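# any chance you could fold what I've pasted below:
(chains A and B)
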2 protein chains.
Amino acid sequence: MFDFTFHNPVKIRFGRGKERNIGLYMREFDAKRTLLIYGSDRIKKDGLFDAVAASLKENGIEFIELGGVVSNPVLSKVYEGIELARKFNADSVLSVGGGSCLDSAKAIAAGAPYEGDVWDFFTGKDPSRALKIFDVITLAATGSEMNSGAVVTNEATKQKFSIHGNVLYPLVSVVNPQLQASVSREYLAYSAADVIAHSIEGYFTASVQPGIINLYIEANIKTVMKTTEILLAAPDNYDARAEFAWAATMALNGLTYVGTHGYSYPNHMLEHAMSAVVNCAHGAGLAVIMPAWMKWYKSRNLGAFERFAREIFGVSSADEGIEAFKTWLSKIGAPVSLKAVGIEGETLDEVVNLAYDYAANWRKDKLYTKENIKAIFELTK
Amino acid sequence: MFDFTFHNPVKIRFGRGKERNIGLYMREFDAKRTLLIYGSDRIKKDGLFDAVAASLKENGIEFIELGGVVSNPVLSKVYEGIELARKFNADSVLSVGGGSCLDSAKAIAAGAPYEGDVWDFFTGKDPSRALKIFDVITLAATGSEMNSGAVVTNEATKQKFSIHGNVLYPLVSVVNPQLQASVSREYLAYSAADVIAHSIEGYFTASVQPGIINLYIEANIKTVMKTTEILLAAPDNYDARAEFAWAATMALNGLTYVGTHGYSYPNHMLEHAMSAVVNCAHGAGLAVIMPAWMKWYKSRNLGAFERFAREIFGVSSADEGIEAFKTWLSKIGAPVSLKAVGIEGETLDEVVNLAYDYAANWRKDKLYTKENIKAIFELTK
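Got it, this is the predicted structure:
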């Protein structure tokens, strides 16, 4: 077990109707002026915006709005938010939406008090200050509600990069599974793939991996698989929705990485190139790339793949486990071919080149040569 | 899944030699004057005291000492500490020892700024302020290093009660598995029983219990069992020691109780009466009482007991699972009879009466009538 520091100060408010108290939760942390960030106008039609606005008003918190955040959120929107936050003299950001919305909010929170370009934080610099971050998370997938990271795409350079820092933990995250019940079947499947991806990156690639961490990871994967199947048949099953949400939060809040060492995030690296080029949903891209990467990587850590096969699917060989996983992804309605996410011919070349650029220039990961990346994409077939 | 708030702000510094930076960690939280609390003089002989003192000095933190905390810590020592802390004008407490030491430190931290009697907090009142709490935990068992509770015995009344409150989370807990390697074989077994007890109370008694939580609990139990066996054969196995320590921390930091509802702590209630009367080690008492309680309780939640049997021991019936657990406790050297912890004849009557007093007057738990408590103790035979 490798030495570690664990410190996750996020206050999770989990359960039915908790968003109606968001103003109270924010007042506990002395928020007075906030930038309310959201995606589509749907939250204005379904009453969520009104519920949040009423709670802010009731607690004396002034706010301005920034709508229109898209999935695979973009840097231009972050710049827009930074300008708004500064003009309004906001002390905080409040994201009401999914992971893309919250990630944009985190970037805005880091950028507003910073004199330079917020993109600096995505390319090596650590943020030392940020506005206070709050969120109501309406899609369980990224785990951003309980971690200190965020992913944003620079449209100009097609770089889909991440920002990290202790100042980027939300102070309060509201997780109300009821708000997540309206997710489409497709996005539920993508979300499941995303949570499983967060789970397996360390599980398969770490050079030091404690047994207790493997057990937690398997607990998260088993929970996501079981509850996804329940929710596809019965979308209104609250308990399944709640356990899915909590597994998503637990999969990337740091607890499945304590004591772990020498891991990397290859599936995310490859998928970020995919969605940067074709703008597919992150979880959709992950569903396509994971089984291919697993086939390519398995001999490097065979024991972990055999364990995965046994513990998750009750089969004995690594190959059978990977095949069972791909079958399961297909069964829940996730895409399992490049074509299904719009990657073919020249687009694939562009994805491969971009992924190689990420690997070589940013991650300095020598394992992922252009040839190896091509070989992995070849295995999606 | 029941609604919940989760907020655990403890900063865990885990790994080799971390205690040598304790002064630095405390300075990050602006500690300047601390009451250093410990148990026996052993830490003065093995270099731990000197290492901690050097780090405090290096970081400009003044301190005074309070040694002599005993296991099943007592209220009189807490009073002594409160007086010392006040005289010294301490802003913090630093526990260097096991759970008893840290629990005493927490009680002192709550009592020092309080005008009334600190025992008020053990009998219904919530502490609203406390000195800053820091610790170097030298025995993995109680989980106190990552929670906001503490247990102390009032010698005058034989009440072994607990204190709880958000102000009682340590700011920093140092967990260095190397410091825990000198624990005796007996105390290792007691500690294993304690961690398992923290795990099973909710698992067996909750009226609402999410599936994901059961998986985490089982992960903790499996880890403790596996690593205990490794450590009995090879006490210097660092990784096993580390995983044991982390399982102990995870078993009572709140994560195995989120979304859970309607649970109680009967094994702890019964054991607290045992150790209050005969002063046996808490884990020893738990090892004796758990299998008996399980036999008595099993028909009330048969599914959970069958699951325990299957998942932990690979057997199919509740009875076989309980028997296998008792056999395992015996195998690792934990006591499994009342006689082994010095409870016989009149002493047993005293324990039963005290447990009944706890149940009826403090916990208001009507299930634990005097007859039922007698029946449970009868099943230890």
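# tell me the SS of the closest residue to residue A:186 other than its chain neighbours?
The spatial neighbour of residue A:186 that comes closest, neighbours along the chain excluded (C-beta to C-beta, 6 or more residues apart in numbering or on different chains), is residue A:333 at 6.3 Å. The C-beta positions use only the backbone N, C-alpha and C, and glycine is treated the same way. Local secondary structure at residue A:333 is given as coil here, using DSSP: H, G, I helix; E, B strand; the rest coil.
# how about residue A:333, what does it touch?
Applying C-beta atoms under 8 Å, 6 or more residues apart in numbering or on different chains, we find residue A:333 in contact with A:185, A:186, A:189, A:232.
# and the furthest pair within the residues you listed?
A:186 and A:232 (10.8 Å; C-beta to C-beta).
# one step back: just the contacts of residue A:333: which are in helices?
The members of the contacts of residue A:333 that map onto helices under DSSP state H are A:185, A:186, A:189, A:232.
# tell me the centre residue of chain A?
Central residue of chain A (C-alpha atoms, centre = their mean): residue A:142, 2.3 Å from the mean position.
# surely that one touches residue A:101?
No. Counting by C-beta atoms under 8 Å, residue A:142 stays clear of residue A:101, with 10.1 Å between them.
# okay if I get the ones in helices among the contacts of residue A:333 as a markdown table plus neighbour count and pLDDT?
Formatted as a markdown table, these follow (neighbours: other C-beta atoms under 10 Å in any protein chain shown; pLDDT from 0 to 100):
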| residue | neighbour count | pLDDT |
| --- | --- | --- |
| A:185 | 13 | 96 |
| A:186 | 15 | 96 |
| A:189 | 25 | 97 |
| A:232 | 16 | 97 |
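# closest to chain B among those?
Using C-beta to the nearest C-beta, residue A:232 comes nearest to chain B of the ones in helices among the contacts of residue A:333, at 17.0 Å.
# name the element residue A:36 belongs to?
Element membership for residue A:36 (DSSP states H and E) is strand A:33-38.
# and that strand, what's its mean pLDDT?
For strand A:33-38, mean pLDDT is 98.
# enumerate the positions of that strand that are buried.
Going by neighbour count (16 or more other C-beta atoms under 10 Å in any protein chain shown), the buried part of strand A:33-38 is A:34, A:35, A:36, A:37, A:38.
# ok, stretch A:208-223 next?
A:209-223.
# what do you get for stretch A:224-241?
So for stretch A:224-241, counting by 16+ other C-beta under 10 Å, buried means A:224, A:225, A:226, A:227, A:228, A:230, A:231, A:232, A:237, A:239, A:240, A:241.
# how much space is there between residue A:317 and residue A:323?
From residue A:317 across to residue A:323, the span is 9 Å (C-beta to C-beta, to the nearest Å).
# er, residue A:212 I mean
Distance, residue A:212 to residue A:323, using C-beta to C-beta: 28 Å.
# was I right to think residue A:128 contacts residue A:168?
No. Judged on C-beta under 8 Å, residue A:128 makes no contact with residue A:168 at a distance of 11.0 Å.
# which of the two has more residues huddled nearby?
Neighbour count, other C-beta atoms under 10 Å in any protein chain shown: between residue A:128 and residue A:168, residue A:168 has more, with 23 against 12.
# give me the pLDDT value at that one.
You'll see residue A:168 listed with a pLDDT of 98.
# for it, which non-adjacent residue is spatially closest?
Leaving aside its chain neighbours, residue A:168 sits nearest to residue A:148 (4.3 Å; criterion: C-beta to C-beta, 6+ apart).
# how many residues are close by the one you found?
Neighbour count for residue A:148, taken as other C-beta under 10 Å: 23.
# which bits of chain A sit near chain B?
Residues of chain A found near chain B, taking C-beta under 8 Å from any C-beta of the partner chain as the criterion, are A:1-16, A:18, A:177, A:210-212, A:215-216, A:218-220, A:222-223, A:226, A:238-239, A:242-243, A:246-247, A:250, A:255, A:258-259.
# so of those, which ones are in strands?
Residues of the residues of chain A next to chain B located in strands (DSSP state E): A:4, A:5, A:6, A:11, A:12, A:13, A:14.
# quickly note the distance from the residue nearest to the centre of chain A to residue A:99.
For residue A:142, the distance to residue A:99 - C-beta to C-beta - is 3 Å.
# could you list the low-pLDDT ranges of chain A?
Applying pLDDT under 70 to chain A flags no residue at all.
# how does it divide into domains?
For chain A, the structural domains run A:11-179, A:185-379, going by the TED database.
# name the nearest residue to residue A:27, ignoring sequence neighbours.
Among residues not flanking residue A:27 along the chain, residue A:59 sits closest, at 4.6 Å (C-beta to C-beta, 6+ apart).
# no further questions, thank you.
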